[in-house]
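1. just need the structure, nothing else, for what follows:
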Amino acid sequence: MSLSGRILVGLMAGIVTGLFFGDLVADLKVVGDIFVRLLQITVLPYIVASLISGIGRMNMESARQLALRGTAVLLFIWALALVLIVAATFAFPDIDAASFFGSAAPVEAPSPNLYDLYLPANIFYSLTNNFV
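-> The predicted structure is shown next:
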């Protein structure tokens, strides 16, 4: 059987297992999360390296077209974001009451998630924030 066929069989087996056994196999979620995070650790640096090498191999005309199209898309997204921000101001009513003091109840700090700490989903975020 080809690799894509085995992947499809595994996908179907996972869907059927989740549908028919549900809560009985809920503990397998931890194993699945660990597997996906380990895959992401290897895939994200590969994507960055392939993007850098692909951009480095471009000729001047292709780079110019990419820059122009990228700039146009970026400007469109900025304009869309600004329109949505302005539209959001009209979506909510004005509230005159405000509280300048915080609540008296102490806020309990959340406990760290060990899966996120030791198996990061985004290795670059973890490296940037000194989590590794």
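
2. what are the buried residues along the lengthiest helix in the chain?
-> Determined from DSSP state H, the single longest helix within the chain is helix 60-91. Neighbour counts over helix 60-91 (16 or more other CB atoms under 10 Å) mark no residue as buried. Yep, even glycine has a C-beta here, placed from its N, CA and C like the rest.

3. quick one: mean pLDDT for the helix or strand residue 6 falls within?
-> Element membership of residue 6, judged by DSSP states H and E, is helix 3-21. In this model, helix 3-21 has a mean pLDDT of 92.

4. again with stretch 91-100
-> pLDDT averaged over stretch 91-100 gives 69.

5. going forward, count from 29.
-> New numbering, starting at 29: the last item is stretch 119-128.

6. mind pulling the model confidence for residue 53?
-> 89.

7. and residue 46, how many neighbours?
-> 13 (other CB atoms under 10 Å).

8. which ones are touching it?
-> Residues near residue 46 by CB atoms under 8 Å, 6 or more residues apart in numbering: residue 53.

9. off-centre distance for the helix holding residue 34?
-> Its chain's C-alpha centre and that of helix 31-49 lie 24 Å apart, by CA atoms, centre = their mean, to the nearest Å.
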